[in-house]
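Participant: Need a 3D model of the following:
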Amino acid sequence: VEEELQLLKIFLEKPIGLLALLDEECMFPKATDTTMVEKFNQHFKECPDYVILQKSRGHPAFAIKHFAATVEYNGTHFLEKNRDNLAGDIIDLMQESGLSIVQDVFLGEILNTGQIRPRTRQEGAPRVHRGKEVVTQVTKVNRRTPTLSAQFKNSLAVLIERMTACFPHFVRCIKPNAAQAANDFQEDMVRTQLSYTGVLESTRIRQEGYAWRPTFDVFVKRYKIIAFPYTKLNQVQENARTAKRIIEAAGLENYMVGHTILFLKYYHQDQMEAALRQFYTRVQNVQTAIRAYFARAQLRRLQERARMNAAERAAAEARDAEEHARLDAIKAAREAEADMRRQEEETRIAEQQRLEKEKEEAEARAAEQLRLVKEAEAVKAAHNAERAKAEAATQEKQRAAEAALATKQKAEEEAERARKQREDALRLAEEALARAESTEVQMEMLARAAEEARHEKDEADKALHQQRLERQKSRKKRTDDAARLSQEAQERALAEAKAAEEARLAKERADQGARLAEEARQGQERLARQEAEKQLLDKLHFLEEEAAKAKALAAEQARAAADALAAKQRADEAALRAEQERLAEERHLAEEQEAEEAEFRSADFRLPTFNLRNRVETLIESKLPADVQCEDKAMKGWLLKIGLHRKNWKRRWFVLDIAHNVLHYFESEKSKKDKGHIPLDLVLRCYAPSDHKEKNMFIVETFQRTYFIQATSPEAMRAWVAAINVVPLFTEYLSTHTTA
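Facilitator: Prediction:
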């Protein structure tokens, strides 16, 4: 299909399609066939389906790859043939022809498809415009004639429009041989043509699918004798059930049953015809045997008569006459008895069908009740599932809230442990401070030692001062005793100097020791204080970080608990809304079911409480017209029964009897014997056509025939259509719900 679309684009696409370029070249006076082919080659050289011929042919040419094969086109005289112009003097001559038909044709209008619409002659008064006679001027030459390619495109568009508006059937012409000779059938050539035209492919596709698609009535009419006795063929209904029974009797497989037609394989038709031929063969054999028996009996009778004299022959003929009379009487009695049995059988079958129908209706009602119960149970189960789901979601939310609460408790425990760790850290800090205080005690001891050193220094200073005082006292004595104790004085002076030096050195050492002790105490105190401060700061920083983490965790747990609480509230609200929606849906379903049951009761014509007048007025949404008489179970009125010819149109008194499901029509209102009747069980549909030329007409379609009836007014037509459709619509409603 894609390849065919590409080819169509090559020929028909605007503005560079083959036909469009051909028309364009025809507009240039200096254009030739060679320039036309060159333009084709220039525009379509990239197209895979267009072939540029490399080898010279002696004439302008090109080729195109079609579905069948590559076709070479000779471009000689393309432009001249496409213009299709007729000389002006010839047109002028033909328009002045003495033959009216030739003159009308050449004075006619040329359509876009190339066809000519002849001029129509109108007898009578000339055309007058504003009080003056108008003379129509006809152009005799240079009429605008479309080119052949334009005619082809326009006619193709018209053909496609007509084909899309209907169901076309194609007739394909196949050449048996290339020489067009008689009695010469070439299989290869015919097979090639069938392959090129797609017939073989279409046949293969149809064989793989369902090639035979007969309707129910056609199929049953032809093959019902295969599955039903000969005596009951007139009672067979032409529907899907009967067609399926015939197919099962014939033993067909791989078939489908649609709404109006059967979907069968191509070989199923041969199987059905074989089964039908077998039946007809047996019938012919029986007929042959019976005819032979009667022929032999007649031959024996004639031979016996030939041997008799006149009296014996007359007596034999009298006996034969009596025998024929007796046989005719017996035959008449048997036919009467057969008619009686047939009527009894029809009555029994009708009663059986009625009982089966009532049984099916009862089963349908039971099935419908069961379906409604199952639907109610399904709806209830679905609501229970939704409720369980909502409860599960609520429980999940509660578990999430409990988990959040447990997490919050755990966070509080972590915070308590962090608090305890902080207290332990504070205790350790206090111990460190205590240790620092013990260090201070040691420093105090060192200070006391330095103080003692200072005290010893003071004592030394006091001793030195005392010595100085003693020296001053003894100096006077030494001065007095200088002469006498000069040596001892010098020794004592040296000893005192030495003692003073030692005291000085001791004082310096004591000062240096006190200074070092003070520096050591201050350094130890400073180091202890820095270490304690560092440890305390680190511990406080750690405790602050732990407290911040615990606070953040507690805030997160609080948010989670709040989210869980909000989610629980939303879940409760959603569950409440779901429950409210479920109750509203149950009320809506109950109301719909009640309305459906009320509609079912109002449409059930079998009920004793059924009122035809109320039902019809409900369907037409207005009151019944005065020309229609309607009761609880019947509707009466005058209608026009339409035939093929106007002389067959009869005005009849129609009576719709809902109690017996039949539509009678009488010759008059007082007639007791009807002219005919229409069983409502056999009515397929009753409708009013919108495009019929007769007004107030409606159609009643049955299995056997179609009735055309005309009412006296549009209101009466709508009332009769609604009344006749009461039984088919209710039957269709029952079958639809039973199938569902």
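Participant: Quick one: mean pLDDT over stretch 491-504.
Facilitator: Computed over stretch 491-504, the mean pLDDT rounds to 71.
Participant: Use 66 as the first number for this chain going forward.
Facilitator: New numbering, starting at 66: the last item is stretch 556-569.
Participant: show me where pLDDT drops low in the stretch 116-265 of the chain?
Facilitator: Along the stretch 116-265 of the chain, segments meeting pLDDT under 70 span 177-179, 184-209.
Participant: Could I get the full set of strands for it?
Facilitator: Assigned by DSSP state E, counting those that start in this stretch, the stretch 116-265 of the chain shows strands spanning 126-130, 135-139, 174-175, 181-182, 193-194, 197-198.
Participant: Show me the one of those that comes nearest Ile270.
Facilitator: Closest approach to Ile270 among these (C-beta to C-beta): strand 126-130, 23.8 Å. Any C-beta I mention is one placed from the backbone N, CA and C, and that applies to glycine too.
Participant: Now do the closest one and strand 135-139, the angle between them.
Facilitator: For strand 126-130 against strand 135-139, the angle between stretch directions is 160 degrees (axes from the mean of the first three to the mean of the last three C-alpha atoms, to 10 degrees).
Participant: Run through who's touching strand 126-130.
Facilitator: Contacts with strand 126-130, where a contact means C-beta atoms under 8 Å, 6 or more residues apart in numbering, come from 72, 75, 102, 105-106, 113-118, 135-140.
Participant: make it 7 Å
Facilitator: By C-beta atoms under 7 Å, 6 or more residues apart in numbering, the surrounding residues in contact with strand 126-130 are 75, 102, 105-106, 114-118, 135-140.
Participant: and Thr296, how many neighbours?
Facilitator: 11 (other C-beta atoms under 10 Å).
Participant: what do you get for Phe143?
Facilitator: There are 21 residues near Phe143, going by other C-beta under 10 Å.
Participant: Next, work out how far apart it and Ala85 are.
Facilitator: Distance from Phe143 to Ala85, counting by C-beta to C-beta, to the nearest Å: 14 Å.
Participant: just Arg278 next, same as before
Facilitator: 42 Å.
Participant: re the thing from before, any idea which of the strands of the stretch 116-265 of the chain is most buried?
Facilitator: Per residue and on average, the most neighbours among the strands of the stretch 116-265 of the chain fall to strand 126-130, with a mean of 17 (mean count of other C-beta atoms under 10 Å).
Participant: who does it pair up with?
Facilitator: Strand 126-130 pairs in its sheet with strand 115-116 (antiparallel), strand 135-139 (antiparallel), by DSSP bridges.
Participant: between those strands, which gets nearest to Ala571?
Facilitator: Of all the strands paired with strand 126-130, strand 115-116 comes closest under C-beta to C-beta, at 131.5 Å.
Participant: Give me the three-state assignment for Cys309.
Facilitator: One correction, residue 309 is Lys, not Cys. helix (DSSP: H, G, I helix; E, B strand; the rest coil).
Participant: Find me the pLDDT at the closest residue in space to it that isn't next to it in sequence, would you?
Facilitator: Leaving aside its chain neighbours, Lys309 sits nearest to Val322 (5.9 Å; criterion: C-beta to C-beta, 6 or more residues apart in numbering). With respect to pLDDT, Val322 scores 92.
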